[in-house]
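Peer 1: what follows is a predicted protein model with its sequence.
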Amino acid sequence: RRFLPPIHQTNDERQSTAMNALLLALALIQAPTPAATIQGVVMTTANETIDSARVELTGGSQGVVVTRSDGQGQFGFSNLPPGRYRVSVKKEGYVRQVYGERKTGDDGTLISVETGKSTPSIIFRLLPAATIAGIVRNEDGLPVANILVQAMRRAYGVRGNKLLALFASVLTDDLGAYRL
């Protein structure tokens, strides 16, 4: 057997070793935890990418975070703390969509984010929104400006009676055109 001679440290060396151990422990405690990401792509139902779609992330401590899809329809949220998030997307001319919704208007599915992990890529396939458009003309065939155009929908009153409810309205422009 071999015995190693005892190590003799001076008081300064012991204090220096203790200080280094303390600094290492503090550095490990304060080291930033790797943050997570949520990313995906926005497309049409015909698999064409949609650029400049507004993508919203809610549910974290930072409140609502907004980004836009790029020219390839891609978007991403990075440096997310652990938590549960809801992602939605909207673009003019398309129906708003929430991740995981089974039908339009549902709350969708929350995405759980864990430290240092990326979630699977999200694919949004947006449906084109229905529009009503036209031109209002007078009896001479000339366009008429500032005419109120209303879209109505069938509804039921509190007693179950059928009625028409206002769905949307707009004024015609200087060329008599409207778009709802």
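Peer 2: In hand now; what should we look at?

Peer 1: use CA for all of it now, contacts and neighbours both
Peer 2: Will do.

Peer 1: buried residues, stretch 149-161. List them.
Peer 2: Neighbour counts over stretch 149-161 (16 or more other Cα atoms under 10 Å) mark Val149 as buried.

Peer 1: per-residue pLDDT, Ile29?
Peer 2: Looking at Ile29, its pLDDT reads 56.

Peer 1: could you check how far the residue nearest in space to the middle of the chain is from Val65?
Peer 2: Centroid-nearest residue in the chain: Glu56, 2.4 Å away (criterion: Cα atoms, centre = their mean). Going from Glu56 to Val65 by Cα to Cα, to the nearest Å gives 6 Å.

Peer 1: kindly report the same for Ile111.
Peer 2: 15 Å.

Peer 1: and the two? Which one has more around it.
Peer 2: More crowded of Ile111 and Val65, by other Cα atoms under 10 Å: Ile111, with 17 against 13.

Peer 1: in three-state terms, how would the residue nearest to the centre of the chain be classified?
Peer 2: strand (DSSP: H, G, I helix; E, B strand; the rest coil).

Peer 1: residue contacts, it?
Peer 2: Each residue near Glu56 by Cα atoms under 8 Å, 6 or more residues apart in numbering is listed here: Val64, Val65, Val66, Thr67, Val87, Ser88, Val89.

Peer 1: then Arg137?
Peer 2: Pro143, Val144, Gly176.

Peer 1: 6 Å instead, please
Peer 2: Residues near Arg137 by Cα atoms under 6 Å, 6 or more residues apart in numbering: Pro143, Val144.

Peer 1: beyond the lowest-mean-pLDDT helix or strand in the chain, next helix or strand please.
Peer 2: Every helix and strand of the chain was ranked by mean pLDDT, DSSP states H and E. The lowest is helix 11-30, at a mean of 58. Remark: after helix 11-30, the chain's next helix or strand is strand 36-44, criterion DSSP states H and E.

Peer 1: quick one: buried residues of that next one?
Peer 2: Buried positions in strand 36-44, judged by neighbour count with 16+ other Cα under 10 Å: Ala36, Thr37, Ile38, Gly40, Val41, Val42, Met43.

Peer 1: which neighbouring elements make contact with it?
Peer 2: For strand 36-44, the helices and strands in contact under the criterion 3 or more Cα pairs under 6 Å, 6 or more residues apart in numbering; DSSP states H and E are strand 74-80, strand 122-126.

Peer 1: hey, which of these is tucked in deepest?
Peer 2: Mean neighbour count (mean count of other Cα atoms under 10 Å) peaks for strand 122-126 among the helices and strands packed on strand 36-44, with a mean of 19.
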